[in-house]
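Undergrad: fold the following, please.
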Amino acid sequence: MKKTVLFSFLMMIFFSCTSMSTAQYQKSNSKIITGAQQLSTYLPQIKDKRVALLVNQTSTIGSVHLVDTLKNLGIDIRKVFAPEHGFRGDHSAGALIDNGVDIKTGLSVVSLYGKNKKPTPEMLQDIDVVIFDIQDVGVRFYTYISTMHYVMESCAEQNKKLIILDRPNPNGFYVDGPILQKEYSSFIGMHPIPIVHGLTVGELAGMIQGENWLKNKVKCDYTIIKCENYTHDSLYQLPIKPSPNLPNMNSVYLYPYLGLFEGTNVSIGRGTSTPFQMVGRPGFKGEIEFTPHAIPGISDHPKYEGEICGGYRIEDTKNPSFFEKPELNLEWFLLFYKNNTEENGPFFKDFIYKLVGNSSFKNQVISGMTSTEIRKSWQEDLDKYKLLRKKYLLYP
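TA: Numbering: from 1, shown residues only. Okay, the predicted model is just below:
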């Protein structure tokens with residue numbers, strides 16, 4: 001009888017621990033108030049101003065898009081700037097976005113993911129204030145923060161006001177990865193920060209300006225509308241998928257390290273219903289099989305389209321230790337490298353340098369270093385970054 005009671009008690013503890021993530025999601029989302037929700041704070045700053053919005057499908061107040069809310073309040077919206085994936089978030093990764101007119105609102109939509117990734121003087125000529133409100137996922141190679149950088153730069157150069165409506169970082173509860181080296185900077189990595197940088201877009205804007213990373217060290221006149229009741233310990237459940245291939249929280253959490261496979265001959269499930277939640281390639285003997293197919297607006301031409309891939313479904317987030325000691329898990333990456341064959345062709349693609357942000361990672365993997373050894377190699381720079389990060393934190 002005593003053993004039965006003890007077993008029941010231990011099981012209660014186990015299930016309470018394993019369900020902690022869900023409980024925190026619910027608690028966090030019920031308490032946190034995003035910057036966009038705090039209309040009374042920023043409406044006075046845009047009243048009687050000509051406004052441009054840099055937004056996408058995540059830019060909502062409850063179930064209503066920010067554009068619709070501001071239009072209904074009589075704000076003079078002159079245009080919408082569209083980042084990667086478009087204003088409505090219906091373009092696949094890397095697809096060029098064209099200028100156009102939004103059918104629903106009739107507003108002019110100006111692409112910042114086409115020929116111009118930075119607003120030109122002409123684009124800002126009829127604008128007084130730019131509002132940035134996009135849900136980020138806290139990963140260096142997620143391009144929304146690069147778009148924010150260019151908008152900050154343009155606003156500084158053209159003496160325009162910028163208002164950043166801050167949102168929680170769903171991966172903001174840890175910091176990890178190698179620091180980007182300057183020679184590998186690109187649109188998918190513009191700043192000397194780690195892969196998981198642990199900042200909200202508002203905090204990152206402060207770092208970008210404070211560390212003089214804008215061209216010619218120009219200074220942007222910006223205001224950050226902070227979130228309320230958010231901390232970096234919060235596990236925040238995104239209400240809307242931030243991009244077509246991050247359909248749920250599992251993919252958002254796995255993205256920082258499964259994203260590295262984009263620089264290899266391994267598929268991360270683009271062209272399936274569970275992208276960034278599985279890995280595989282043709283000829284690999286794993287636990288599952290999947291066949292990527294073209295999905296318009298999500299994966300137009302996925303890697304290994306129409307080919308059967310063998311691999312694994314990644315369920316790391318089911319382990320409570322994932323949140324107790326979060327880190328970039330390199331084991332899956334090393335597993336596929338070690339099992340690469342001549343039939344598969346070269347494992348690495350040049351894109352790996354931009355994703356990781358250095359040249360040493362590729363050599364470390366090839367030389368047979370363990371994940372522990374690789375992680376140790378970036379620890380000194382990571383510790384320096386963590387000290388820098390503290391200067392720009394807006395949230396505990």
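Undergrad: when you work out contacts or count neighbours from here on, use the C-alpha atoms and nothing else.
TA: OK.
Undergrad: what segments of the stretch 251-396 of the chain are strands?
TA: 278-281, 288-290, 309-313 (DSSP state E, counting those that start in this stretch).
Undergrad: ok, and what's touching stretch 296-316?
TA: Residues from elsewhere that reach stretch 296-316 (CA atoms under 8 Å, 6 or more residues apart in numbering): 90-93, 244-245, 250, 254, 267, 270-271, 277-295, 322.
Undergrad: ok, stretch 39-50 next?
TA: So stretch 39-50 is contacted by 75-78, 126-129, 225 (CA under 8 Å, 6+ apart).
Undergrad: what is the nearest of these to Phe361?
TA: Phe361 has its nearest neighbour among those in Ile225, at 37.6 Å by CA to CA.
Undergrad: that older thread, narrow the contacts of stretch 296-316 to those in helices?
TA: The members of the contacts of stretch 296-316 that map onto helices under DSSP state H are 250, 254, 322.
Undergrad: narrow the contacts of stretch 39-50 to those in strands?
TA: Among the contacts of stretch 39-50, the members falling in strands (DSSP state E) are 76-78, 129, 225.
Undergrad: which of these tops the neighbour count?
TA: Val129 (22 neighbours; other CA atoms under 10 Å).
Undergrad: quick one: contacts for that residue?
TA: 46, 49-52, 160-163.
Undergrad: what's opposite it in the beta bridge?
TA: Using DSSP bridges, the beta-bridge partners of Val129 come out as Val51, Lys161.
Undergrad: and the contacts of stretch 296-316, which of them are buried?
TA: Neighbour-count burial (16 or more other CA atoms under 10 Å) applied to these gives 90-93, 244-245, 250, 254, 267, 270-271, 277-282, 284, 289-294.
Undergrad: hmm, who's touching stretch 269-277?
TA: So stretch 269-277 is contacted by 245-247, 250-251, 254-255, 258-259, 268, 278-280, 290-295, 298-303, 305, 313-315 (CA under 8 Å, 6+ apart).
Undergrad: hey, C-alpha coordinates of that stretch in CSV?
TA: The C-alpha coordinates for stretch 269-277 follow below in CSV (Å, rounded to 0.1, in the frame of the first residue of the first chain):
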residue,chain,number,x,y,z
GLY,A,269,11.3,18.9,-44.0
ARG,A,270,10.5,21.8,-46.2
GLY,A,271,7.8,20.7,-48.5
THR,A,272,6.0,18.6,-45.8
SER,A,273,3.5,19.4,-43.1
THR,A,274,6.2,19.5,-40.4
PRO,A,275,9.2,21.6,-41.6
PHE,A,276,12.0,22.2,-39.1
GLN,A,277,10.8,19.2,-37.1
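Undergrad: what ranges do the helices span in the stretch 51-200 of the chain?
TA: For the stretch 51-200 of the chain, the helices defined by DSSP state H, counting those that start in this stretch cover 66-72, 121-124, 144-157.
Undergrad: okay, those, which one's buried deepest?
TA: Among those, ranked by average contacts under mean count of other CA atoms under 10 Å, first place goes to helix 144-157 (a mean of 23).
Undergrad: for that one, packing partners?
TA: Contact here means 3 or more CA pairs under 8 Å, 6 or more residues apart in numbering; DSSP states H and E; on that basis helix 144-157 packs against strand 161-165, helix 201-210, strand 221-225.
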